[in-house]
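Enquirer: Show me the folded form of this:
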Amino acid sequence: MPRHSSLTFAPFRRDLAPRPRANGRRRHRAIGAAVLASAAVLGMGACAGGEAGQAFHSIGTGGTGGVYYPLGGALAARLSAADSAGRYTAEVTGGSVENVNRVMAGQIDLGFALGISAYEAYHNGIDGGAPASDLRVIAPLYPNVVHVLAASGSGIGSVADFAGRRVSVGSAGSGTEQTAQQVLAAYGLSYDDVSVQYLSFSESAAALRDGALDAAILSVGFPAAAVLEATTAGGVELVAIDGAGRDALLEAHPYYDVGTIPGGAYPGADTEVATVSMNNWLVGRADLDTRIVDHLLTILRDDREELGRVHEMAGQIDLAGLARAPIPLHPAAEAFVPGG
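Expert: Below is the predicted model:
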């Protein structure tokens with residue numbers, strides 16, 4: 001059962017248009033069908049079009065610079081090879097929130113999503129509407145770790161010190177932005193207390209290095225390229241999520257777990273850093289064809305080594321995670337729960 005606290009969650013938005021940044025520019029996000037980017041890596045090239053009678057299926061991923069897109073391309077290639085009745089493509093999207101919205105709208109079949117995005121949509125609805133009761137977890141993916149970064153010499157030793165500072169909360173409408181809102185709230189802060197910047201991971205790293213930003217919150221698997229970039233160049237430090245702030249997050253939101261960033265994972269961070277983590281999931285509708293679910297979970301069970309050649313995060317996928325899904329499983333996924 002969900003645990004209750006005084007923390008609140010900002011409305012789950014359908015409007016995903018980018019918000020203005022402090023410098024007055026707007027980020028224009030192009031969302032279109034993407035090629036099966038990882039097919040060549042896996043040595044299984046896929047046809048540009050399906051054969052007669054084949055159904056076309058799409059997987060919502062994220063930006064081209066993250067983990068979602070290459071892993072989604074690899075899965076699309078594997079699914080196209082395994083499923084004679086279907087042809088699959090990976091789409092570039094704005095990430096978790098957009099993927100959940102588009103799955104529920106019937107615009108895509110599968111979507112990558114953080115636990116926060118799936119949970120909030122299922123329980124609290126979209127735009128204040130009815131809960132997304134038909135949303136289902138299809139498969140577990142890898143965990144994201146919340147990275148809090150601060151400019152060296154900024155005097156920031158805790159998220160509580162963010163008041164009045166320039167803080168990147170991730171791209172507008174992303175799962176990272178949802179996470180950032182909750183991290184701030186756990187320390188008694190809101191967007192009214194900080195100068196909010198809606199920057200991607202790589203933009204956040206660059207802005208921290210250039211002195212244009214005081215802090216950033218990133219929800220990403222580690223080691224994360226943007227964090228490596230920021231810490232390697234120097235002038236950027238990792239900040240812990242611990243104590244009362246971490247306790248508040250864990251109490252208010254059941255999809256968080258205690259997490260750590262190991263010592264040595266990033267330059268200059270020689271000791272372990274306390275934080276929280278959250279799993280990523282593949283989601284779909286309750287009426288998604290059982291055939292698709294069976295093929296997908298068989299691939300994740302049997303072909304993780306090959307998927308790991310595309311991205312190392314695939315090695316952290318464990319079907320045992322199905323037992324800890326933040327929302328109900330698709331009926332076909334229940335058969336893949338180990339020991340179930």
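
Enquirer: So for this protein, the centremost residue is which one?
Expert: Centrality entry for the chain: nearest residue to the mean C-alpha point is residue 114, 4.3 Å, by Cα atoms, centre = their mean.

Enquirer: Got the confidence number for that one?
Expert: We have a pLDDT of 92 for residue 114.

Enquirer: Residue 235 now?
Expert: 88.

Enquirer: what bridges to the residue nearest to the centre of the chain?
Expert: Applying DSSP bridges to residue 114 gives these bridge partners: residue 280.

Enquirer: And residue 137, by the same measure?
Expert: residue 283, residue 329.

Enquirer: count of residues packed around it?
Expert: Neighbour count for residue 137, taken as other Cβ atoms under 10 Å: 24. Where you see a C-beta, it was placed from the backbone N, CA and C, and this is true even at glycine.

Enquirer: Can you give me the separation between the residue nearest to the centre of the chain and residue 158?
Expert: Distance from residue 114 to residue 158, counting by Cβ to Cβ, to the nearest Å: 23 Å.

Enquirer: pLDDT below threshold where in this structure?
Expert: In the predicted model of the chain, residues 1-52, 65, 127, 340 satisfy pLDDT under 70.

Enquirer: what comes up buried for stretch 321-340?
Expert: 321, 322, 325, 326, 327, 329, 330, 332, 333, 336 (16 or more other Cβ atoms under 10 Å).

Enquirer: what does it rub up against?
Expert: Stretch 321-340 is touched from outside by 115, 118-119, 122-123, 135-140, 254-255, 279, 281, 283-284, 286, 288, 290, 293-294, 297, 301, 319-320, with contacts defined as Cβ atoms under 8 Å, 6 or more residues apart in numbering.

Enquirer: try stretch 53-64
Expert: Applying Cβ under 8 Å, 6+ apart, the contact partners of stretch 53-64 are 33-34, 50, 68-69, 71-73, 75-76, 79, 84-96, 98-99, 102-103, 107-112, 171, 200, 282, 292.

Enquirer: Now do the same for residue 101: helix, strand or coil?
Expert: Here residue 101 is recorded as helix under DSSP: H, G, I helix; E, B strand; the rest coil.

Enquirer: returning to that earlier point: mind listing which of the buried residues of stretch 321-340 are in helices?
Expert: In this view, the buried residues of stretch 321-340 have no member that belongs to helices under DSSP state H.

Enquirer: Which one of the residues you listed is nearest to residue 311?
Expert: Taking Cβ to Cβ as the measure, residue 311 sits nearest to residue 321 out of these, at 17.3 Å.

Enquirer: now that closest one: how far from residue 281?
Expert: 8 Å.

Enquirer: Name the residues contacting each of those two.
Expert: Common neighbours of residue 321 and residue 281 are listed as residue 140 (criterion: Cβ under 8 Å, 6+ apart).

Enquirer: Tell me if residue 244 really is in a strand.
Expert: No: secondary structure of residue 244 (three-state DSSP): helix, not part of a strand.

Enquirer: neighbours around it, how many?
Expert: 11.

Enquirer: got it, and residue 252?
Expert: With other Cβ under 10 Å as criterion, residue 252 counts 19.

Enquirer: From residue 250, how far off is the residue nearest to the centre of the chain?
Expert: Residue 114 is 16 Å from residue 250, by Cβ to Cβ.

Enquirer: In which helix or strand does residue 196 reside?
Expert: Element membership of residue 196 [criterion: DSSP states H and E] is strand 195-197.

Enquirer: List the contacts of whichever helix or strand comes after that strand.
Expert: Downstream of strand 195-197, the first helix or strand assigned by DSSP H and E is helix 201-209. By Cβ under 8 Å, 6+ apart, the surrounding residues in contact with helix 201-209 are 65-66, 149, 151, 168, 170, 176, 197, 199, 213, 215-216, 218, 220, 224-227, 229-230, 233, 235-236.

Enquirer: What subset of those residues is buried?
Expert: Buried members of those, scored by 16+ other Cβ under 10 Å, are 66, 149, 151, 168, 170, 176, 197, 199, 213, 215-216, 218, 220, 224, 226-227, 229-230, 236.

Enquirer: Mind checking which of those are in helices?
Expert: Short answer: the buried ones among the contacts of helix 201-209 in helices (DSSP H) are 176, 226, 227, 229, 230.

Enquirer: The third one and residue 329: what is the separation?
Expert: Read that as residue 227. Distance of residue 227 to residue 329, computed by Cβ to Cβ: 32 Å.

Enquirer: got it, and the last one?
Expert: In this view, residue 230 and residue 329 are 37 Å apart by Cβ to Cβ.

Enquirer: Next: residue 63.
Expert: The gap separating residue 63 from residue 329 is 28 Å, by Cβ to Cβ.

Enquirer: what do you get for residue 306?
Expert: For residue 306, the distance to residue 329 - Cβ to Cβ - is 25 Å.

Enquirer: Show the end-to-end separation of stretch 119-137, please.
Expert: Stretch 119-137 has its terminal residues 10 Å apart, counting by Cα to Cα, to the nearest Å.
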